[in-house]
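>>> My questions are about this predicted structure, shown below with the sequence.
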Amino acid sequence: MRVSVLDYGAGNVRSLHNALVALGCEVEYLSTAEQITAASALIFPGVGAFGRCMEVLEARGFTQALKAYVAAGRPYLGICLGLQTLFEGSEESPGVAGLGIIPGIVGRFASGEGRSVPQIGWNGLRPLREHGLLDAIAPDDAVYFVHSFRVAPDARLAEWPLCETDYGEPYVSAVAKGAVSACQFHPEKSGAVGLRLLGNFLRLALGAEPSLTPPPATRAAAPPGGKTRFCKRVIACMDVRANDSGDLVVTKGDQYDVREKSNGGEVRNLGKPVALAERYYHEGADEITFLNITGFRDCPLTDMPMTQLIAEASKNIFVPLTVGGGIRAFTDSNGVSSTALQVADAYFRAGADKVSIGSDAVDVARAWLEKKELTGTSSIEAISRVYGRQAVVVSIDPRRRWVKTSEEAEGHALCDHSEHRARGPEGETLCWYECTVQGGRAGSGLDVVQVSQAVQALGAGEILLNCIDNDGQNDGYDIPLVRSVRQAVGIPVIASSGAGSAAHFDEVFKQTGVEAALAASIFHRNQVSIREVKELLMSTGVDVRQV
Ligand code: 1PR
């Protein structure tokens, strides 16, 4: 079974490649107009900006070839940007013409009413009619979306819309007409449901049976005609580093200290990263994060085991993978320099869907706060320009700084813990949160709200909000901290550090409104399973993806 994937030099096609290989396909990459003309089933994957994508298509002579391919009624599947480029244009890049196969202009999601933009996460599908692409996919089965722009329902779309989804407003989440189909979500990252959809496309396009038939999803259907439900994400995180024998292991800190108190102070070893990640995928993790916690020491381009780890994990895991650690400009011991974008490129090529920037983001935020000017050259700006804002996570490592009075905080954003558990050494209830760098080894003088707002302005798409004080304590998330950051930004926030029970997830979702919550130690030590977390959340009325 041979399928052709459009290679226009942008975005992460590795995830799609892996999903197609898992379905039994041989994947061919199309890099010339002639190859497009000769293809028999074409998939156009896409992440990144509309304008840049269209420029590349035009420069390579793909625009006309794609239009001719579609006009000839040959099988076509667009994914994400691959759906948007079918339209006449997008508010993302005013004045840039799309392929113009579907009438209309792609618009921007409005943020507000507690809804973050980009939409990052799992949401349902509301089929508008029957279609082979949706075979064995139940209404409201959850699939993975990452986007800031969307197609609004419009009478001019006529018979094109196939599914709608709701994210504050209804939008068109899949289109199909004749042999052309496209989806706004990422089937290659949508677990079993996504693999089914890709399998359906292959069946329709090639008349061939995929070698893998994933089981149907089991989410309870939404009421007929009702709105689709945006799910809260449950994320498993693995802190990875080399142990004293040089092997990459999953480790786990206690307030960021990863060495055993006994046992000669060895680095804690909680298992092999790829095996653990595969377990979490099958248990229902909505996303998996790998943080190379000593990445600030070595350039990841010379630390290839981390890229190999991502390449290995992405072969069998079909939910989004985030990788962090050492994403910054670097000059190695031989004097060879690489930019943060080159480091990120290596991770995306290996199969990462998002990169997470830690220490460098604090430096970049500081520079921005001084002048409030974009330079275009920072790691955040450079990576989000090429891969899109949704691919750039900023991981923040704040530590509490207790104060007796607000004056002592010297203008830093304060949190009040009087209604919560934590107390300062002298019973203080007020604190500000200092962002640290190098895994908590150094302070920055900047508070967590300043840094969060700065990185949002620079183009970060999501914030992974740790809390050094709560890390590994299993006593619950730091609610005042999470709430203050969630209220300060309009991009999604992932709460992290402190989960000790399923109830802690319920608490953080209900009390702060965050889109996602991450945990490490309870999952690694089998104290609570992802399934238990989701079952509790469902029983308390929190929408989650069932597997
Ligand atoms: O600075 O860009 O090289 O990135 C380094 C990355 O490594 C950062 O994202 C930073 O958060 C992370 N990191 C550095 N040192 C440590 C450490 O633990 N010594 N881990 C570290 C951060 C925090 C979470 C943890 C949660 C949940 N780990 O990832 O998984 O606190 O844990 P819990 O559920 O057990 O409480 P750069």
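That came in fine, so what should we check first? Residues are numbered from 1 along each chain as shown.

>>> ok, how many other residues are close to the residue in the stretch 401-547 of the chain that the ligand sits nearest to?
The ligand sits closest to Gly439 of the stretch 401-547 of the chain, with a gap of 2.4 Å, by CB to the nearest ligand atom. For the C-beta atoms, the positions are set from N, CA and C on the backbone; glycine is no exception. Residues lying near Gly439 (other CB atoms under 10 Å) number 24.

>>> likewise Gly443?
Gly443: 13 neighbours (other CB under 10 Å).

>>> Repeat that for Val336.
By other CB under 10 Å, 11 other residues sit near Val336.

>>> And for Arg483?
Counted with other CB under 10 Å, Arg483 comes out at 19.

>>> Does it touch Gln511 like I think?
Yes. Applying CB atoms under 8 Å, one finds Arg483 in contact with Gln511, separated by 6.7 Å.

>>> Who are the contact partners of Val3?
Leu20, Cys25, Glu26, Val27, Glu28, Ala41, Leu42, Ile43, Leu202, Ala205, Leu206 (CB atoms under 8 Å, 6 or more residues apart in numbering).

>>> Next, check those residues against the helices and list the overlap.
Residues of those located in helices (DSSP state H): Leu20, Leu202, Ala205, Leu206.

>>> what residues are up against the third one?
The contact partners of Ala205, by CB under 8 Å, 6+ apart, come to Val3, Ser40, Ala41, Pro75, Leu77, Ala179.

>>> Rounded mean pLDDT for stretch 93-103, please.
Across stretch 93-103, the average pLDDT comes to 96.

>>> For it, list every residue counted as buried.
Residues Ser93, Val96, Gly98, Leu99, Ile101, Ile102 are the ones in stretch 93-103 that count as buried (16 or more other CB atoms under 10 Å).

>>> Might you report the residue contacts of the fourth one?
The neighbourhood of Leu99, defined by CB under 8 Å, 6+ apart, consists of Thr63, Leu66, Lys67, Val70, Thr85, Leu86, Phe87.

>>> Leu195 against Phe318, yeah?
Yes. Using CB under 8 Å, Leu195 is in contact with Phe318, at 6.2 Å.

>>> Common neighbours of these two, please.
Common neighbours of Leu195 and Phe318 are listed as Ala19, Ala22 (criterion: CB under 8 Å, 6+ apart).

>>> Phe145: which element?
strand 143-147 (DSSP states H and E).

>>> partner strands of that strand, parallel or antiparallel?
Strand 143-147 has the following strand partners under DSSP bridges: strand 119-123 (antiparallel).

>>> Going toward the C-terminus from the partner strand, what's the next helix or strand?
Next in sequence after strand 119-123, counting helices and strands by DSSP H and E, comes strand 126-127.

>>> How far away from the center of its chain is that following strand?
Distance, stretch centre to chain centre, for strand 126-127: 24 Å (CA atoms, centre = their mean, to the nearest Å).

>>> who's in contact with the residue of the stretch 401-547 of the chain closest to the ligand?
Going by CB under 8 Å, 6+ apart, Gly439 touches Tyr256, Ile293, Thr294, Phe296, Gly358, Asp397.

>>> Quick one: list the elements packing against the one helix or strand Ala344 maps to.
Assessed by DSSP H and E, Ala344 sits inside helix 340-350. Secondary-structure packing of helix 340-350 (3 or more CB pairs under 8 Å, 6 or more residues apart in numbering; DSSP states H and E): helix 14-22, helix 304-316, strand 354-357, helix 379-387.

>>> before we move on, the earlier item: hmm, who's touching the strand holding Phe145?
Contact partners of strand 143-147, identified using CB under 8 Å, 6+ apart, comprise 47, 80, 109, 118-125, 165, 167, 173, 183-187, 189-191, 193-194, 197, 319-320, 353, 388, 390-391.

>>> What about those, which are in helices?
The members of the contacts of strand 143-147 that map onto helices under DSSP H are Gly191, Val193, Gly194, Leu197.

>>> I'd like to know how far the third one sits from the ligand.
As judged by CB to the nearest ligand atom, to the nearest Å, Gly194 and the ligand stand 26 Å apart.

>>> Surely that residue is in contact with Phe201?
No. Between Gly194 and Phe201 there is no contact under CB under 8 Å: 10.8 Å.

>>> Based on its surroundings, how many neighbours for the closest residue to Pro187 other than its chain neighbours?
Leaving aside its sequence neighbours, Pro187 sits nearest to Gly194 (CB to CB, 6 or more residues apart in numbering; 3.5 Å). Neighbours of Gly194 under the rule other CB under 10 Å: 27.

>>> so what's Gly194 up against?
Gly194 neighbours (CB under 8 Å, 6+ apart): Ala19, Val143, Tyr144, Phe185, His186, Pro187, Glu188, Phe318.

>>> Adjacent strands (with direction) for the helix or strand of the chain with the lowest mean pLDDT?
Between all helices and strands in the chain, the lowest mean by mean pLDDT, DSSP states H and E belongs to strand 330-331, at a mean of 86. Under the criterion DSSP bridges, strand 330-331 sits next to strand 337-338 (antiparallel) in its sheet.

>>> ok, and what's touching the partner strand?
Strand 337-338 has contacts (CB under 8 Å, 6+ apart) with Cys299, Leu301, Ala329, Phe330, Thr331, Asp332.

>>> let's see 7 Å
Residues outside strand 337-338 that contact it (CB atoms under 7 Å, 6 or more residues apart in numbering): Cys299, Leu301, Ala329, Phe330, Thr331.
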